[in-house]
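# got a sequence here, can you build the structure:
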Amino acid sequence: MVTNTLGQASGDAVRPEGLGSALTATRLSYRYPNGLQALGDFTTDIEQGEIVSIVGPSGCGKSTLLRILAGLRDPSGGALVRAEPEAGRHTCTMVFQEDTLLPWLKVAENVRLFHRFQGERASRSRQRITELLAMVGLERFADSYPSQLSGGMRRRVAVLTAVAPLPALLLLDEPFSALDEPTRISVHQDVYQLVRRFGITAVLVTHDLGEAVSLSDRILLLSKGPSTIVQEYRTPFGTDRDLLDVRSDPRFLEMYGQIWHDFRQQSAETEVGA
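So this is what the prediction gives:
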């Protein structure tokens, strides 16, 4: 594995430091019941409060890896250690690519669903949900149904349902892929602010390299299956960033070009081996 610090200026803060590990994966592997091995030797350490994106060729096992990190699948080999969450925090939540909002519940009711099942006092949780909705500009839509919202609004609500439990770890499986680019970048900014505001560690699987560069502290490029990390990139934009400004930064274009070059190489090897 090669660490690439392309465009990183000396002294730039690239991620929260000194908080300890949120997640440590050591030589994780996964083999499907039919014998196909998706994951070969995945090893990484993710810091608390860090935002990490995972990119790689189609079919290399990115979503499978995310489900292992979530505990939805057991690895075939290796070890996975997640730090114990602080009091009042949920261990892990996940935002899927599919629309998982409950259509018969209003926006505020969808976001409050976790607190409802926890039996938390309605008045207290209602105040928290109102604050969350205000953070992404949706307070006026608290009593709307998902069908009455735009695609970008629904994605924001889906993220809020995952943020509301204050997870120690937030996993995102290509949650913005169905959005047009202007809407996607706007949603990115809201998600970024939420994650930073609540000190959430986030792992994002994406095919959008621009999304990965602008949102992340670190990007992991996977090989073809059985996949492992072949390149690691640290972004130079610091933790207090405006995502629109980032996209006009020359370092964004430089890093995007480097990752795209390496990504194409992995994709070409996948096609040759197909």
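
# tell me the domain boundaries of the chain?
The chain breaks down into these domains under automatic domain parsing: 2-89+166-273, 96-165.

# roughly how far apart are residue 52 and residue 127?
According to Cβ to Cβ, to the nearest Å, residue 52 stands 32 Å off from residue 127. Using the backbone N, CA and C atoms, a C-beta is placed for each residue, glycine as well.

# and these two? Which one has more around it.
residue 52 (22 against 11; other Cβ atoms under 10 Å).

# which other residues reach the host helix or strand of the more buried one?
Using DSSP states H and E, the element containing residue 52 is strand 51-55. Contacts to strand 51-55, defined as Cβ atoms under 8 Å, 6 or more residues apart in numbering, come from residues 15, 44, 46, 62, 65-66, 192, 195, 201-207, 209, 211-212, 215-222, 259, 263.

# so how far is the top helix by length along the chain from its chain's centroid?
If you go by DSSP state H, the chain has its longest helix at helix 250-273. Relative to its parent chain, helix 250-273 has a centroid offset of 20 Å by Cα atoms, centre = their mean, to the nearest Å.

# all further residue positions should be reported with the first residue as 256.
OK, 256 is where the count begins now, so the last one is helix 505-528.

# for the stretch 306-455 of the chain, what are the low-confidence residue spans?
Filtered on pLDDT under 70, the stretch 306-455 of the chain yields the residue ranges 374-379.

# which parts of the stretch 256-405 of the chain are helices?
For the stretch 256-405 of the chain, helices defined by DSSP state H, counting those that start in this stretch occupy the ranges 317-325, 362-366, 368-372, 377-390.

# just send these back as TSV, with distance to residue 439 too.
Putting these into TSV (distance: least, Cβ to Cβ, whole Å) gives the following:
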stretch	distance to residue 439
helix 317-325	18
helix 362-366	20
helix 368-372	25
helix 377-390	18
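
# quick one, which of the ones you listed is packed in tightest?
helix 362-366 (a mean of 23; mean count of other Cβ atoms under 10 Å).

# for the stretch 406-529 of the chain, what spans make up the helices?
Going by DSSP H, counting those that start in this stretch, the stretch 406-529 of the chain shows helices at 406-418, 436-452, 464-470, 498-502, 505-528.

# that older thread, could you flag which of the contacts of strand 306-310 are buried?
Among the contacts of strand 306-310, those classed as buried by 16 or more other Cβ atoms under 10 Å are 270, 299, 301, 317, 320-321, 447, 450, 456-461, 464, 466-467, 470-477, 514, 518.

# gap between residue 496 and residue 470?
For residue 496, the distance to residue 470 - Cβ to Cβ - is 9 Å.

# same check, this time on residue 285
Residue 285 is 26 Å from residue 470, by Cβ to Cβ.

# now swap in residue 384 and tell me
Relative to residue 470, and taking Cβ to Cβ, residue 384 is found at 24 Å.

# and for residue 317?
16 Å.

# over to residue 362?
Residue 362 is 24 Å from residue 470, by Cβ to Cβ.

# do the same with residue 302
Taking Cβ to Cβ, one finds residue 302 at 16 Å from residue 470.

# now swap in residue 371 and tell me
30 Å.

# next one: residue 402
Residue 402 is 28 Å from residue 470, by Cβ to Cβ.
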